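Undergrad: coordinates only, sequence not included:
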DNA sequence: GTTATTTACTCAAGTAACTTGATTTAAGTA
DNA sequence: TACTTAAATCAAGTTACTTGAGTAAATAAC
């Protein structure tokens, strides 16, 4: 979402230093506990360099030295893990009707969350409310502001598109034309990342979910609509204008259900939170919240079962497209849908066997369930900050 | 295709140096002619550093000092351009029936190309033939081997998939289980990159085609089948197993034409070189080569016009999916299809207006025609080598 | 139980590449 | 002609990594 064009930047000693710190943190994150010699071998650095780096990271409270590794020959290695208490990040999801906030510690555990109804999310209302929320979250989670790595603000996309408001009801059109990141960095007095819900949720999965060691995967996010986040080689894909992953409006049925975007047969008219609500309402079933939906599943409600079948058929098409295009290690489904319903959906999928994804050496299932629940996007916002601080922006030097 | 897992690597002075050389080359490539102060500002380096780097690059023959910039106040800047004669790269496309070779100079100009029929492209036959071809290409293009940056070998994917041969007739199943890159590096005695045709063609577009200054775009490649290459932020997407972009087998018509992959209604049964050939044959029209196809278009042959209409309808679906998923600056169509036919296809596309891609601030057309012709993939192979040597592998430091 | 081997780690010196600040050069402008 | 602006150079300084010698602490072998 950051509109600033990323430019290739030259390196110098200082930037190299911070890059190497992230390389080390990223390695420890995925391989903890890890000894210094091991880190050095894997990261292509000298032991001495790693020694200096870990010393600083330990002083900064980001790494924790744990008991030495025994059972192997040679001097026992001092092993390091990420220090959960070393730092924290805040995520805020801004929705037209609510403000959701989550606080994660450095290992990605959610240590605080809250949801408040919010009637009119225009900038003038929302910005001060978010500032308050963030301050309350810091206080309620018993953290020091000095340890705050930053805030991730999650907003429904797409941004900067002509006729934007035609593209789905979940948008916040009043936020157009504002440098949102700059405004929040000034207001919140900390680094800020702005992102859409699906990408944020994907990053959450990478930081603390089913994909901590998966470098390349797709995340299909059930929000009001349907979004896609992709992590490729550990890096989130953003597209040229920050609107990567608008998967909800790919057409899976020519001449199908009328979508708010103007086209017919869009995927999200069949598979999304909004879709299941509408489908049930048409049979006179009201759906106040997630637990009601889970109950309908327990009851094997025939209308819901019908919806699952239809949704799974359309989702299968989309997932097959994703497998063919992205060649991912796995595809993860998550978001604002009860776990049981998500599991039922996944079980009902019908994926073609004659596919790229049907590899012999596959170690992960083709489709997994990820983090679900209504805090997913806010958690993702915080996860983006953790991710940024533990992920080198270069893939390799080669 | 390179199976070696890319790993985040720490930086040191030496790696920083080579990174910075690529940063500078990449900047000059896209902004030539460029002065040193200008480079320094854009790349986040000191003028002194850039001065040292350009000095070395000029000695190595990669940069060329051109006349000073006048008309502005201050001391005139010594400007640099890429030196076309400073180095060269070779690309080889391996097909079941032919070996195609192209040589590019450093600015991406094709300075030599050849095509030879080849009946049985199994490794034991093809490897020595490719070695010969490469040597001949160096000789015939009057280059010194010491200036060879490397060779890009282009092969039709997908690789390493169960039941691979079921996925289309263009594959080379005998190459499974071989470390192709290592074999070629040993045989050809130079750096080697292995890639599929679509990605190679996309990189060609970035190095020397319609996308030299476009950082994020999709390239739809018409080969025997249909492939997709994506450049995101200047980096080619490869997927977890090197099989990114198998767009030919996404299904655009449920219950449609039977595809060799076992499914029905795959995109490439409607839009590909093979598809047009089959379609015309069914009406008794034989298609020996590309110029015959171009002639049919000139004649406004009704069968071909029908095919174009159908193909464009299916392509429109796919392009709409790509726009929604990747949010690219533009989508480029290229490959083994006559320019005129490609232009007719593009003119016939029917893209939804209510789309992410329909931005007000759009500067590039939503769909462009790229490099076409039967040497496209081989040129792409060589372009990959140029690209690698002029593209920093890190996007940015912060 | 002693010695050998293996591996991790530390210390101190060395090095490569970038940065900084003062200075020079060469154009446009008043 | 003198002033302003901007690029480029020179020389010294800085930073973070590497190198090589040496130490420490475990397992393995005799």
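TA: Thanks, I have it. Since we're looking at a predicted model, the values are computed, not measured.

Undergrad: what residues does the stretch 251-398 of chain A put near DNA strand D?
TA: For the stretch 251-398 of chain A, no residue is in contact with DNA strand D (Cβ under 7 Å from any atom of the strand). From N, CA and C alone the C-beta is placed, and that goes for glycine too.

Undergrad: could you pull out the helices for the stretch 251-398 of chain A?
TA: A:273-281, A:290-298, A:302-326, A:339-348, A:376-390 (DSSP state H, counting those that start in this stretch).

Undergrad: which regions of the stretch 251-398 of chain A sit below the pLDDT cut-off?
TA: Along the stretch 251-398 of chain A, segments meeting pLDDT under 70 span A:354-357, A:360, A:394-398.

Undergrad: one more pass at 90, please.
TA: Applying pLDDT under 90 to the stretch 251-398 of chain A flags residues A:251-266, A:274, A:284, A:286-293, A:336-337, A:351-364, A:371-374, A:391-398.

Undergrad: return the residues in contact with the residue of the stretch 201-350 of chain A found nearest DNA strand C.
TA: DNA strand C sits closest to residue A:213 of the stretch 201-350 of chain A, with a gap of 20.8 Å, by Cβ to the nearest atom of the strand. By Cβ atoms under 8 Å, 6 or more residues apart in numbering or on different chains, the contact set of residue A:213 is residue A:30.

Undergrad: gap between the two ends of stretch A:199-219?
TA: Its first and final residues considered, stretch A:199-219 spans 8 Å by Cα to Cα, to the nearest Å.

Undergrad: show the average pLDDT along that stretch.
TA: Mean pLDDT, computed over stretch A:199-219, is 93.

Undergrad: leaving aside the residues next to it on the chain, what's closest to residue A:390?
TA: Leaving aside its sequence neighbours, residue A:390 sits nearest to residue A:25 (Cβ to Cβ, 6 or more residues apart in numbering or on different chains; 4.3 Å).

Undergrad: what's the first helix or strand after the host helix or strand of that neighbour?
TA: Assigned by DSSP states H and E, residue A:25 belongs to helix A:13-31. Next helix or strand after helix A:13-31 toward the C-terminus (DSSP H and E): strand A:34-35.

Undergrad: pull the residues that contact whatever helix or strand comes next after that following strand.
TA: Once the chain leaves strand A:34-35, the next helix or strand it forms, by DSSP H and E, is helix A:36-43. If you take Cβ under 8 Å, 6+ apart as the criterion, helix A:36-43 is touched by A:20, A:23-24, A:27-28, A:31, A:45-47, A:49-51, A:54, A:77-78, A:80, B:7-10.

Undergrad: which of those are close to DNA strand C?
TA: A:47, A:51, A:77-78.

Undergrad: any idea which element residue A:99 lies in?
TA: Going by DSSP H and E, residue A:99 is in strand A:98-105.

Undergrad: quick check: nearest residue in space to residue A:80, chain neighbours excluded?
TA: Spatially, and ignoring its direct neighbours in sequence, residue A:80 is nearest to residue A:63 (4.7 Å; Cβ to Cβ, 6+ apart).

Undergrad: that neighbour contacts residue A:84, doesn't it?
TA: No. Using Cβ atoms under 8 Å, residue A:63 is not in contact with residue A:84, being 11.1 Å away.

Undergrad: ok so, going back, format the ones next to DNA strand C among the contacts of helix A:36-43 as JSON lines; extra columns: secondary structure.
TA: Below are those laid out as JSON lines (DSSP: H, G, I helix; E, B strand; the rest coil):
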{"residue": "A:47", "secondary structure": "helix"}
{"residue": "A:51", "secondary structure": "helix"}
{"residue": "A:77", "secondary structure": "coil"}
{"residue": "A:78", "secondary structure": "coil"}
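
Undergrad: okay, helices next: where are they in the stretch 51-200 of chain A?
TA: A:123-140, A:180-188, A:197-208.

Undergrad: neighbouring contacts of the following helix or strand past the last one?
TA: Tracing the chain past helix A:197-208, the next element assigned as helix or strand by DSSP H and E is strand A:217-222. For strand A:217-222, the surrounding residues in contact (Cβ under 8 Å, 6+ apart) are A:197-198, A:201-202, A:205-206, A:211, A:226-231, A:247, A:271-273, A:315, A:318-319, A:322, A:326, A:328-337, A:342, A:370, A:372, A:376-377, B:240.

Undergrad: most centrally placed residue in chain A?
TA: residue A:201 (2.2 Å; Cα atoms, centre = their mean).

Undergrad: my read is that it contacts residue A:373, right?
TA: No. With contacts counted by Cβ under 8 Å, residue A:201 stays clear of residue A:373, the gap being 10.5 Å.

Undergrad: give the contact list for residue A:103.
TA: A:88-91, A:110-113, A:137-138, A:141, A:143, A:382.

Undergrad: try 7 Å
TA: A:88, A:90, A:111-112, A:137, A:141, A:382 (Cβ atoms under 7 Å, 6 or more residues apart in numbering or on different chains).

Undergrad: just these: which are in strands?
TA: Judged by DSSP state E, strands contain the following of these: A:88, A:90, A:111-112.

Undergrad: can you put the helices of the stretch 251-398 of chain A in a markdown table and add mean neighbour count?
TA: Output for the helices of the stretch 251-398 of chain A, formatted as a markdown table (neighbours: other Cβ atoms under 10 Å in any protein chain shown):
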| stretch | mean neighbour count |
| --- | --- |
| helix A:273-281 | 19 |
| helix A:290-298 | 15 |
| helix A:302-326 | 21 |
| helix A:339-348 | 17 |
| helix A:376-390 | 29 |
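
Undergrad: in the stretch 101-250 of chain A, what residue lies closest to chain B?
TA: With Cβ to the nearest Cβ as the measure, residue A:239 is the residue of the stretch 101-250 of chain A nearest to chain B, at 2.8 Å.

Undergrad: need the nearest residue in space to that residue, chain neighbours excluded.
TA: Among residues not flanking residue A:239 along the chain, residue B:327 sits closest, at 2.8 Å (Cβ to Cβ, 6+ apart).
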